[in-house]
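**Q** Build the 3D model from these lines:
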Amino acid sequence: VHVAESGGGSVQAGDSLKLSCAPSGYGSTSYSVAWFRQAPGKEREFVSVYSWTGNTYYADFVKGRFTISRDHGKDRLYHLQMNDLKPEDTAVYYCAATGRAFSNRSFTRTHEYDSWGQGTQVTVSS
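**A** From the prediction side, this is the model:
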């Protein structure tokens, strides 16, 4: 299984960015796709997930600003639309995928995911 990310960059506070993730190698669409991020000196943290059931979940610090979606034209392409970016959103963003079923908000834990992308840098300046 391979996960490819794209879309990072450097922006000003209040701007928007759209990240994309393309998992490949799964035999069906019964997998979940999540975004995590890691700032310098900090642990990798959960941002959002699009579960294989179609449910979406967000970390509190991105609710109302970020939206995760599956591309309407391509089943195996996912997006993270990030609006009203803040300097504290600066981090390397990682896309992850898994075929496991979640329980008790386990989707927030990194070890639930089988495959990870290489990460894409997002830098927000004030």
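**Q** Can you measure across stretch 108-116, start residue to end residue?
**A** One end of stretch 108-116 sits 14 Å from the other (C-alpha to C-alpha, to the nearest Å).
**Q** Give me the residues contacting stretch 63-78.
**A** Counting by C-beta atoms under 8 Å, 6 or more residues apart in numbering, stretch 63-78 makes contact with 20-24, 26, 29, 33, 35, 47-50, 56, 58, 79-85, 95, all of which sit outside it. In this view, the C-beta of every residue, glycine as well, is placed from N, C-alpha and C.
**Q** For it, buried residues please.
**A** Neighbour-count burial for stretch 63-78, counted by 16 or more other C-beta atoms under 10 Å, picks out 66-68, 70, 76-78.
**Q** What mean pLDDT does that stretch get?
**A** Regarding stretch 63-78, the rounded mean pLDDT is 89.
**Q** how far out from the middle of the chain is it?
**A** Using C-alpha atoms, centre = their mean, to the nearest Å, the mean C-alpha position of stretch 63-78 is found 9 Å from that of the whole chain.
**Q** Spatially nearest residue to residue 99 (excluding sequence neighbours)?
**A** residue 31 (4.6 Å; C-beta to C-beta, 6 or more residues apart in numbering).
**Q** Would you mind listing the residues in contact with that neighbour?
**A** 23, 52, 97-99.
**Q** ok, now with 6 Å
**A** By C-beta atoms under 6 Å, 6 or more residues apart in numbering, the residues touching residue 31 are 52, 97, 99.
**Q** before we move on, what about residue 24?
**A** Taking C-beta under 6 Å, 6+ apart, one finds residue 2 in contact with residue 24.
**Q** Pick out the residue closest to the middle of the protein.
**A** Centroid-nearest residue in the chain, with C-alpha atoms, centre = their mean: residue 35, separated by 1.9 Å.
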